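**Q** Model the following, please.
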Amino acid sequence: MQKRILSLALALSLVLALVPITTAQTVGDTWDTISWRLDTRTGVLTLSGNFQNSPVVGNDRLPPWSEYSSIISEVKVEEGVVSLGNSYFSGYRSLEKITLPESMRTLGGGSRFNLGTFQGANNLREIVIPAGVTSVGGYTFHECTNLATVIFRGNAPDFPFANNDRFNMFPNRRNYAFENRSSLTIFYPQNASGWNEVINQPHFASINFVAYDPADGLPSPTPPTTPDPSPSPTPTVPPSNNPAPSGFQGEGISAGAKLRWNPMIGGVGYRVYRSENASSEGISITDFYITSNEFVDVNVRANTTYFYTVRQVVAEARPFEGISEQLSAPSNRVTITTPSEILGDDLIPPDLNAVRIFILMTIDDANMTVNGEIQEIDPGRGTTPVLLNSRTMVPIRAIVEGMGGTVDWNDARREISLDYQQNSVVMTLNRNEFTVNGTPQIADVPPTTANGRTIVPIRFAAESLGCAIDWLNSTRQVVIVYY
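**A** Numbers count the residues shown, from 1 in each chain. Reported below is the predicted structural model:
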């Protein structure tokens with residue numbers, strides 16, 4: 001009897017040994033009003049929720065599933081979700097399939113400092129846009145280089161873009177929701193409204209637009225094009241032949257992460273990449289290339305470790321010819337942990353799409369860096385910031401107007417009026433007294449003149465206009481943070 005029991009136990013143990021032991025392979029949580037669930041074995045991410053306004057994500061607030069971006073191959077959005085914000089899936093190079101619900105209304109936003117919802121998901125080949133979608137934001141499917149088929153099931157949506165281009169740096173910018181190339185086909189219902197206007201947009205001129213009859217069902221996806229066996233050479237240089245930027249370094253400062261690298265000859269600018277994953281390059285901080293070799297990443301979280309690299313933009317994209325942006329090899333990686341408090345966290349954004357912007361000025365330098373773009377502080381006059389009684393004095397007009405505010409000068413009263421958003425500051429030449437929204441204040445250094453320009457103490461002016469400001473003693477620089 002004892003032998004029989006031992007034999008049964010042995011047989012049972014052998015059977016159990018052949019049964020695979022499964023462990024939990026699903027991760028997920030709730031993020032704001034979104035519930036997310038990722039099967040790490042299959043790479044399928046499922047989003048669910050029942051809300052009217054999803055959080056619009058800027059580069060300062062990546063979704064929690066972004067750390068798994070390298071394995072996410074499919075996204076299923078369940079019924080009830082109405083909006084997907086900027087940067088939700090930008091740079092997800094393993095993403096091949098997206099399923100959107102009939103409840104969907106908005107894809108992406110319109111802020112020019114955010115990346116498009118699916119920008120850079122270059123393994124995505126096709127997508128169906130539900131009939132209820134009324135808005136597709138700028139760069140939503142930009143740089144999806146293998147996207148061949150987009151099927152719209154309803155009327156043409158709006159294509160908003162650049163609703164906070166305060167600097168007017170890109171006055172002719174369009175909504176590049178899709179790359180303008182002949183290998184992309186957009187299908188739309190033949191009786192749907194608004195499509196003639198879209199088709200006639202010059203930045204969509206190369207895309208194939210095809211009307212279909214919904215009664216016949218959805219069109220079949222466009223088959224992959226067969227490459228020409230002897231294509232003509234493209235006038236671009238492979239990125240591997242272009243040297244990486246050198247001397248890349250950075251440090252955590254009160255405003256976020258300050259980055260600097262050696263300027264390079266040739267090329268048109270740079271792209272800075274940020275990631276929270278040491279094994280991933282991450283995504284470009286800006287949707288445009290920058291021209292300065294300095295950058296302050298002000299859209300970061302406190303007490304967070306980030307990994308940065310920079311690449312030179314060797315040649316910009318030529319979308320009408322189907323040529324993508326050409327980049328150099330990546331620089332060395334810089335690791336920065338942000339401080340426990342971030343300058344500007346207490347600023348109030350004017351809208352959900354807003355992200356923080358910075359201005360970086362150096363004492364005795366006639367140029368300033370505005371969100372990575374080099375600009376003259378006082379065009380044509382060479383006026384520079386100076387130190388006066390331990391205060392940084394700047395020609396204020398170019399700065400306030402660059403922020404989107406206004407400056408007025410009353411010659412009879414010798415007064416300068418600064419207006420930005422909901423704040424108004426009135427200062428008098430050579431007087432310490434000034435007013436903020438009608439309330440008297442005292443500055444320890446009064447406005448004065450230099451080089452025929454009125455210069456004012458920037459800290460008093462900027463903070464009174466609702467901006468945050470800090471002094472970097474090691475480099476004799478001032479950084480202003482604002483929305």
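**Q** Could you use CA atoms for every contact and neighbour count after this?
**A** Noted.
**Q** How much space separates residue 200 from residue 138?
**A** Distance from residue 200 to residue 138, counting by Cα to Cα, to the nearest Å: 17 Å.
**Q** and these two? which has more neighbours close in?
**A** Set residue 200 next to residue 138 and count neighbours by other Cα atoms under 10 Å: residue 138 wins out with 29 against 10.
**Q** and that one, what pLDDT?
**A** As summarised for this prediction, residue 138 has a pLDDT of 75.
**Q** Quick check: the gap between it and residue 91.
**A** 15 Å.
**Q** Out of the helices and strands in the chain, which is least certain?
**A** Lowest on mean pLDDT, DSSP states H and E among the helices and strands of the chain sits helix 2-18, with a mean of 45.
**Q** tell me the mean pLDDT over stretch 92-110?
**A** Per-region confidence: stretch 92-110 scores 85 on mean pLDDT.
**Q** Equivalent analysis for stretch 188-201, please.
**A** The pLDDT scores in stretch 188-201 average 88.
**Q** again, but for stretch 467-480
**A** Averaging pLDDT along stretch 467-480 gives 91.
**Q** Pull up the distance across that stretch, start to finish.
**A** Start and end residues of stretch 467-480 are separated by 7 Å (Cα to Cα).
**Q** Please compute how far that stretch lies from its chain's middle.
**A** Centroid separation for stretch 467-480 versus its chain: 24 Å, with Cα atoms, centre = their mean, to the nearest Å.
**Q** Quick one: residues in contact with that stretch.
**A** Here stretch 467-480 makes contact (Cα atoms under 8 Å, 6 or more residues apart in numbering) with 254-255, 343-344, 347, 358-363, 459, 462-463, 481-483.
**Q** Just the buried subset of those residues, please.
**A** For those, a burial check counting by 16 or more other Cα atoms under 10 Å picks out 254-255, 343-344, 358-363, 459, 462, 481-483.
**Q** Tell me which two of these sit farthest apart.
**A** When Cα to Cα is used, the two most widely separated members of the buried ones among the contacts of stretch 467-480 are 363 and 483, lying 23.6 Å apart.
**Q** Number of residues surrounding residue 329?
**A** Per other Cα under 10 Å, the neighbour tally for residue 329 reads 18.
**Q** a strand runs through it, doesn't it?
**A** No - applying DSSP: H, G, I helix; E, B strand; the rest coil, one finds residue 329 to be coil, outside a strand.
**Q** Leaving out chain neighbours, which residue sits closest to it?
**A** residue 244 (4.7 Å; Cα to Cα, 6 or more residues apart in numbering).
**Q** Show me how the record splits this protein into domains.
**A** The chain breaks down by automatic domain parsing into domains covering 23-224, 242-337, 357-482.
**Q** quick one, strands of the stretch 151-300 of the chain?
**A** Per DSSP state E, counting those that start in this stretch, the stretch 151-300 of the chain carries strands over the ranges 185-189, 208-212, 249-253, 256-260, 269-275, 283-284, 294-297.
**Q** Save those strands as a markdown table, and put in distance to residue 307 too.
**A** Below are these laid out as a markdown table (distance: least, Cα to Cα, whole Å):
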| stretch | distance to residue 307 |
| --- | --- |
| strand 185-189 | 37 |
| strand 208-212 | 40 |
| strand 249-253 | 10 |
| strand 256-260 | 10 |
| strand 269-275 | 5 |
| strand 283-284 | 11 |
| strand 294-297 | 12 |
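**Q** In JSON lines, list the ones you listed along with mean neighbour count and distance to residue 148.
**A** Below are the strands of the stretch 151-300 of the chain laid out as JSON lines (neighbours: other Cα atoms under 10 Å; distance: least, Cα to Cα, whole Å):
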{"stretch": "strand 185-189", "mean neighbour count": "22", "distance to residue 148": "6"}
{"stretch": "strand 208-212", "mean neighbour count": "17", "distance to residue 148": "10"}
{"stretch": "strand 249-253", "mean neighbour count": "19", "distance to residue 148": "40"}
{"stretch": "strand 256-260", "mean neighbour count": "20", "distance to residue 148": "38"}
{"stretch": "strand 269-275", "mean neighbour count": "23", "distance to residue 148": "27"}
{"stretch": "strand 283-284", "mean neighbour count": "22", "distance to residue 148": "23"}
{"stretch": "strand 294-297", "mean neighbour count": "24", "distance to residue 148": "35"}
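**Q** where are the low-confidence patches of the stretch 1-150 of the chain?
**A** Along the stretch 1-150 of the chain, the parts satisfying pLDDT under 70 run over 1-24, 50-61, 109-115.
**Q** Work out for me the element residue 374 sits within.
**A** Assigned by DSSP states H and E, residue 374 belongs to strand 373-376.
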